[in-house]
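In: Just the structure for this:
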Amino acid sequence: MDQLKNIKVLNLPEYEFRFKKLDEKDFIFDVVRKKFVVLTPEEWVRLNFIQYLIIEKKYPASLMAVEKKVMVNSQPQRFDLLVYDKKGLPFTIAEFKSPDVKITQQTFDQVVRYNMSLKVKYIIVSNGLDHFVCEINYQKNSYAFLKEVPFFQE
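Out: All right, here's what the predicted structure looks like:
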C-alpha cells in the first residue's frame, strides 16, 4: 500500500481503511464524517484512534463529532473529536497530534480549554504512540489519569 509509505506505525491495533489518490494527494475515508479527507499524520492518528474507540471500546460512531466548533472565551476553536453520551451530552473529548509531536502540558492545556464549556467526563490526548486519558471529577474539582480508555457506558 504505497499510500502508507510516509505514515508511521502507531501504538494501536491495525485497522482496514479505504484510500484514494487525487491530484497527487492521498486521501483516507473518515467513517464519522462519511467522506474522504486528506491523509496527514495527525489525521492518520485521529482515524486510527476512532477505529480503536469504535471496535475495541464500543463507542458508537453515531455519537461522534469530528472537527466541530466550540466557543472558548468567545473565540471559536475546533476540537479533534467529541463523543456524546446516549442522552446527547458531551462525554469524551480527544485531541490528536502527529506521531512526530511530543505530548506536552501545552497539549493538555489546549484540550482543557475546549472542555471549559463542554464539561466532559473523559479527556484523551494521543499522538498515536503515547496515549493519555483523564477522568474529570467536577464535584471534587479534580482529575485522575487512567491506565486505559474506558469502555463506552450504556
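In: By average pLDDT, which secondary structure element in the chain comes out worst?
Out: strand 69-72 (a mean of 75; mean pLDDT, DSSP states H and E).
In: helices and strands around that strand, which ones?
Out: strand 75-78, helix 105-118 (3 or more CB pairs under 8 Å, 6 or more residues apart in numbering; DSSP states H and E). C-beta: built from backbone N, CA, C; applies to glycine.
In: quick one: average pLDDT of the shortest one?
Out: What that stands for is strand 75-78. Average pLDDT, strand 75-78: 80.
In: Just checking, which helix or strand succeeds it along the chain?
Out: The helix or strand immediately downstream of strand 75-78 is strand 81-84, counting by DSSP states H and E.
In: so what strands line up beside that following strand?
Out: strand 64-66 (antiparallel), strand 90-96 (antiparallel) (DSSP bridges).
In: Let me see the contact set for the residue of the chain most remote from its centre.
Out: Distance from the centre of the chain peaks at residue 23, with 27.4 Å (CA atoms, centre = their mean). Under the criterion of CB atoms under 8 Å, 6 or more residues apart in numbering, residue 23 has no neighbours.
In: Quick check: phi and psi on it?
Out: Taking degrees, to the nearest 10, you get phi 50, psi 50 for the backbone angles of residue 23.
In: what's the offset of stretch 49-64 from the middle of its chain?
Out: Averaging C-alpha positions (CA atoms, centre = their mean, to the nearest Å) puts stretch 49-64 10 Å from its chain's average.
In: quick one on the thing from earlier: switch the strands paired with strand 81-84 over to JSON lines; also include mean neighbour count and distance to residue 111.
Out: As requested, the strands paired with strand 81-84 are exported to JSON lines (neighbours: other CB atoms under 10 Å; distance: least, CB to CB, whole Å):
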{"stretch": "strand 64-66", "mean neighbour count": "18", "distance to residue 111": "15"}
{"stretch": "strand 90-96", "mean neighbour count": "23", "distance to residue 111": "4"}
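In: mind putting the ones you listed in JSON lines, distance to residue 150 and mean pLDDT included?
Out: Below are the strands paired with strand 81-84 laid out as JSON lines (distance: least, CB to CB, whole Å; pLDDT from 0 to 100):
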{"stretch": "strand 64-66", "distance to residue 150": "16", "mean pLDDT": "96"}
{"stretch": "strand 90-96", "distance to residue 150": "9", "mean pLDDT": "95"}
